[in-house]
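Engineer: fold the following and give me the result.
(2 chains)
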Amino acid sequence: MTTLVRVSELKKKYQTGEVNFEALRGISLEIAAGDFVAVMGQSGSGKSTLLHIIGGLDQSSSGWVQVGEHRLDKMNQTDLAVFRRDQVGFVFQFFNLVENLNVQANVELPALLSGAKNKKEIRRHSTELLERLGIADQAHKHPWELSGGQQQRVAIARAFINSPRLLLADEPTGNLDSASGSEVLDILGEFNRQGQTILMVTHSAEDAARANCILFIRDGRLVDHMPGGDEKAIAQRLLELR
Amino acid sequence: MNAIWEKIKADLFRHRIVSILIIGTITIAAALLTLALSTLLNLGGPYDRLFAEVNGAHLWVFFKSGRVNTTDIRQIQTLPEIADSTPRQYSYRTQVRIDDTRAWVTLRVIPDEQPVINRLYIVDGRYIFPEYGEVVAEKSLDTAYKLAVGETVTITRSDGRDVVLPIAGIAYDVMYDNYRSEQAPYLYVSESTLRNLFPDKDTWDSSLGLRLSDPQAVDNVLAEIEALHNTKFVETHTDWRDVKESALFEGQLASIFLSAFGFFSILATVIIIVSVVNSTILSQIKQIGILKALGFTGRQILLVYVGQYAVLSLIGTTLGFLLGLTLAPVPMQAMTASLNTTFRPPFSLPLFISVYLIIAGAVILSVLSAATHGTRTNIIKAITIGAEAPRKKMFWGARLANALGAPVSIVLGLNDTFVKPFRSFLAGLNLVLGVIGIVFGLALSDTLETYKENPALLGIVYDAIVTRQQVSDHLTERRLMKAPGVEAFYGELQVKAWTPDERTFKVRAMDGELDQFPFQILEGRFFQPGTHEAIAGKGLLTWLGLEVGDAITLRLEEKDGPAATWVIVGVYPEAADAGQRLMVDLSSLRRLVKNNDPTTYYLKLSPAADIPGLRSYLSPRKDSAISLVTLEEPIPDSVIYLQAAIFALAGILIAIALVNVLIMSLLAAQEKMRTIGILKTVGMTPAQVVVMFNATAASLGTLAVLIGIPMGLFVTRDLLSILSDSFGFGKISVSLDLTQAVILIPFIILVSIFGSYLPARWAANLFIVRVLRKD
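Structural biologist: Numbering: from 1, shown residues only, chains lettered A, B, ... in the order given. Take a look at the predicted model:
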């Protein structure tokens, strides 16, 4: 399998006033194309920071990230925006949909931002995604008119509109009830089975169990990894690492 | 209370940029308001100050030749209302030659040193040295003949010898009325000089300048003076109030524009304040909800916002008031320049109170209205949704742009225009105001161009004026008939007239080829030759309370002179005067006045007329009795100056609109930080963020310019109509040059985009992770 994501000696420092905080302290890892990787750790361990830097939302203090052929530390803000739009799909805990756009417009937004001329093709693709996610009948509704689970499906549809090489999910079930959360994970699992590379940050051992590989982070360092599947073993390992 | 004050302080410092911008806009508004009010309150200031400085006479009485003696003078000087008096002042009316032109002047004797009462205000040069035989020229003579200190005038002595007198100085006489005066322009000489020129003192006229204990009692004092003598010994008089009115004419003209100026500034002030306060409070509606959830009462929340804006308005108004006072002499520049003085409006308590009350009132009212709306908002709704629920339907402009295949950043930007409709409306209104200002300036400019091209619209229907001296009307007319380049001419005799209630003005009695001149009639029609019909200036009708169709009976030359009645059939325009004249056919008064021939002739010249050739034909010798004056600048300087002022005002209004767009964009950027974060996450580039903001501003600018241009034309038409009605200008249709209108559209759009640029750049550089974590 080819490597899609390479992370080397990644460090991230924050400074708030006179207080320095090191969120990442030299993380190196590789994610193969088609993999489903979950990142676990306590709050403040640096897992979301890692996700944000890999997704080009944040920049490292040192070290580097390469996604496919893209070295993120060599990119300017415009290149990073184009990278996010074309190479990465994001799914967040709080959905992050644009309130004054309807479902279909939200889904189509990344495709339209890329300046794609064929609007009919975009519409066909977005409709297909909404149908696949079971929310085609909600296409003309606005986000605030939908349930949390439905909103997260919209976010997933939006994430896939440009067929990204990497899907980044930050606590995708954190704001959902267990049934909706499970449905969302089913969807992500289905996409993964079709070859989609997924990197997911989660607190939940149940969610992490859906992944092929689980990475454990503590105090900004990658401290362990294990295969997915066994929820209890994952929970146990998490407990041990506290 | 402590919690409220802490909250006020925290908010002011947290939204530092917005606070500074609000202070900036309030400063501009307060400065404009101070400027407008101080000008309106101090219109008479320059003249009053000058009058006080030279200890001006309130009443100047001119006696009939040989009818007044020393006893009479003493009697007048001892009247109870007389506070002080000049000595008897002698004068002599004669002709003077200035270059090639002959003009009637009044030689007035002045003491060897500046008099105590009615001193001359030396504008250029100096007071006379009596032994040098010098003269000082009154400013109006300088204006008419462009005299300069060091030049000379030539006067023919009573023995026929020419005497050349050097001009030592140019002076302003606060009691020379260049509109109503019977007096020819003044040349001031020493008594010895006058005696040298015209030794027979019996031929000298005399007059007396009086300072009154009650300056408003001019009419009473005059009646008392006239009652002192059995025979009529008062020839004429000058009332200081009339001179002031004439002197302030340009100031009054300025005041009309400044009223518009003031109106614009107050409107801009209110719009800015309402816009900023509403925007700020609506953008903080979630915070209001949180404060309510924390236990703040509606009243306490109101206090928080009123307190915040009271602090901002106090700072802004103080700065604006000081700025306005500093700039206060600028709008009065034209008038003070015409009086050859400078004037700085003094600090005045009513002005101070007015500015603070208007600004503070506008601030507090708008804060109360916006904050009351905020405090009534449901807590849950305020916290979860904000001021308004997101709009379900896209703005039609955005839908149209989308259908036309516009980039999504433009579509989103257009849609944002109406996300906060009230705020957009106010920002748009401010832009509209700026557009109106520019259109006003441009239309005024076009109008002035039209006036320049066709002075007839201002009542100036002729190309040149000819005056005759020791030559008959008959000979002058014969000469004019043969003069090269003269297409037509008419003669005019000015006759002093008295209304039944003893108001005086001048009647222009005209004779000649009147139909060859493009007389403009604002209302009614021109008089029929050979009839007792008349046309009047607008100012005269207003002054006398008459209308077209009314009859007017006047006594001519003397208060009890022969009477005649005319029917007013029309109204004519006047350029720089107050229009207090009546035009009649000369034949209607020929039998009533003694010297009934025209003395002035108005010429219509052929386009290719050779002016120097015409001048040498009419005045072949230096002492020729016919003088030609060609018309130069028909537009009053003050109007030209005001044109620049209007453009300056338009610039200020555009700057205000720019600040408003900037504030609006900044608030919008702050409000939708999270949305921007989301858009950036899904791939919106920094440039696309900027385009989105610019599209919002550009759509506002486009709407503003499309509304502003017709509104501007409407406002200009109405203001020029007021000007026309007040001063008797000709009415012309106001238009805006198409090229200017076409240029104005992108200009305003660019201004709007410029206003949104900094907030757009700020939004484009937002740190995504931080804004996404905010909620």
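
Engineer: and the residue of chain B nearest chain A?
Structural biologist: B:Gly683 (2.2 Å; C-beta to the nearest C-beta). For the C-beta atoms, the positions are set from N, CA and C on the backbone; glycine is no exception.

Engineer: could I get the phi/psi values of that residue?
Structural biologist: Phi and psi for B:Gly683, reported as degrees, to the nearest 10, are phi 110, psi 10.

Engineer: pLDDT wise, what is B:Gln284 at?
Structural biologist: For B:Gln284, the pLDDT comes out at 68.

Engineer: ok, now which ones touch B:Asp511?
Structural biologist: Counting by C-beta atoms under 8 Å, 6 or more residues apart in numbering or on different chains, B:Asp511 makes contact with B:Tyr490, B:Gly491, B:Glu492, B:Leu493, B:Asp585, B:Leu586, B:Ser587, B:Pro598.

Engineer: pull the contacting residues for the fourth one.
Structural biologist: The neighbourhood of B:Leu493, defined by C-beta under 8 Å, 6+ apart, consists of B:Arg508, B:Ala509, B:Asp511, B:Leu586, B:Val593, B:Asn595, B:Asn596, B:Asp597, B:Pro598, B:Thr599, B:Thr600.

Engineer: quick check: beta-bridge partners of the second one?
Structural biologist: It refers to B:Ala509. B:Leu493, B:Val584 (DSSP bridges).

Engineer: which of the contacts of B:Leu493 ranks first by neighbour count?
Structural biologist: Counting neighbours by other C-beta atoms under 10 Å in any protein chain shown, B:Ala509 comes out on top of the contacts of B:Leu493 with 26 neighbours.

Engineer: correct me if wrong: that residue contacts B:Arg591.
Structural biologist: No - counting by C-beta atoms under 8 Å, B:Ala509 does not reach B:Arg591; the two are 11.8 Å apart.

Engineer: same for the lengthiest helix in chain A, what does it pack against?
Structural biologist: When chain A is scanned for its longest helix (criterion: DSSP state H), the result is helix A:178-193. In terms of contacts (3 or more C-beta pairs under 8 Å, 6 or more residues apart in numbering or on different chains; DSSP states H and E), helix A:178-193 is packed against strand A:36-41, helix A:148-160, strand A:166-170, strand A:197-201.

Engineer: buried sites along it?
Structural biologist: A:Ser180, A:Gly181, A:Ser182, A:Glu183, A:Val184, A:Leu185, A:Ile187, A:Leu188, A:Phe191, A:Asn192 (16 or more other C-beta atoms under 10 Å in any protein chain shown).

Engineer: any chance of those residues in TSV, plus distance to A:Val37 and pLDDT?
Structural biologist: Listed next are these as TSV, based on distance: C-beta to C-beta, whole Å; pLDDT from 0 to 100:
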residue	distance to A:Val37	pLDDT
A:Ser180	23	89
A:Gly181	18	89
A:Ser182	19	91
A:Glu183	21	90
A:Val184	17	90
A:Leu185	14	92
A:Ile187	17	92
A:Leu188	12	92
A:Phe191	14	93
A:Asn192	10	94
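
Engineer: tell me which parts of chain A are close to chain B?
Structural biologist: A:52, A:57-58, A:77-78, A:81-82, A:84-86, A:90, A:92, A:94, A:96-100, A:102, A:109-110, A:112-115, A:117, A:119, A:142, A:144, A:158, A:162 (C-beta under 8 Å from any C-beta of the partner chain).

Engineer: which residue ranges form the helices in the stretch 451-600 of chain B?
Structural biologist: Here the stretch 451-600 of chain B has its helices, by DSSP state H, counting those that start in this stretch, at B:473-482, B:538-544.

Engineer: just checking, what packs against the shortest one?
Structural biologist: When you say that, I think you mean helix B:538-544. Using 3+ C-beta pairs under 8 Å, 6+ apart, helix B:538-544 sits against strand B:563-572, helix B:686-727.

Engineer: mind checking what helix or strand follows the last one in sequence?
Structural biologist: This points to helix B:686-727. Sequence-wise, the next helix or strand downstream of helix B:686-727 (DSSP states H and E) is helix B:738-764.

Engineer: which parts of that following helix are buried?
Structural biologist: So for helix B:738-764, counting by 16+ other C-beta under 10 Å, buried means B:740-741, B:744-745, B:747-749, B:751-753, B:755-757, B:759-760, B:762-764.

Engineer: same question for stretch B:463-480.
Structural biologist: Result for stretch B:463-480 [16+ other C-beta under 10 Å]: buried residues B:Asp463, B:Ala464, B:Ile465, B:Val466, B:Thr467, B:Arg468, B:Gln469, B:Asp473, B:Thr476, B:Glu477, B:Arg479, B:Leu480.

Engineer: tell me the mean pLDDT for that stretch?
Structural biologist: What stretch B:463-480 shows for mean pLDDT is 82.

Engineer: between the helices and strands packed on helix A:178-193, which one is closest to B:Arg299.
Structural biologist: Between B:Arg299 and the helices and strands packed on helix A:178-193, the shortest separation by C-beta to C-beta is 37.7 Å, and it involves helix A:148-160.

Engineer: which outside residues touch that closest one?
Structural biologist: Under the contact criterion C-beta under 8 Å, 6+ apart, helix A:148-160 has outside partners A:89-92, A:95-97, A:103, A:106-107, A:109-110, A:126, A:129-130, A:132-135, A:138, A:143, A:146, A:167, A:172-173, A:175-177, A:179-181, A:183-184, A:187-188, A:191, A:196, B:682.

Engineer: is A:Ile217 within a helix or a strand, and which one?
Structural biologist: Here A:Ile217 sits within strand A:213-218, counting by DSSP H and E.

Engineer: can you tell me the closest non-neighbouring residue to residue 174?
Structural biologist: Since you didn't name a chain, this refers to chain A. Ranked by C-beta to C-beta, 6 or more residues apart in numbering or on different chains and with sequence neighbours excluded, the top spatial neighbour of A:Gly174 is A:Gln93, at 3.9 Å.

Engineer: wrong chain, I was asking about chain B
Structural biologist: Among residues not flanking B:Val174 along the chain, B:Gly56 sits closest, at 4.2 Å (C-beta to C-beta, 6+ apart).

Engineer: quick one: neighbours of the one you found, just the number.
Structural biologist: Neighbour count of B:Gly56, defined by other C-beta under 10 Å: 24.
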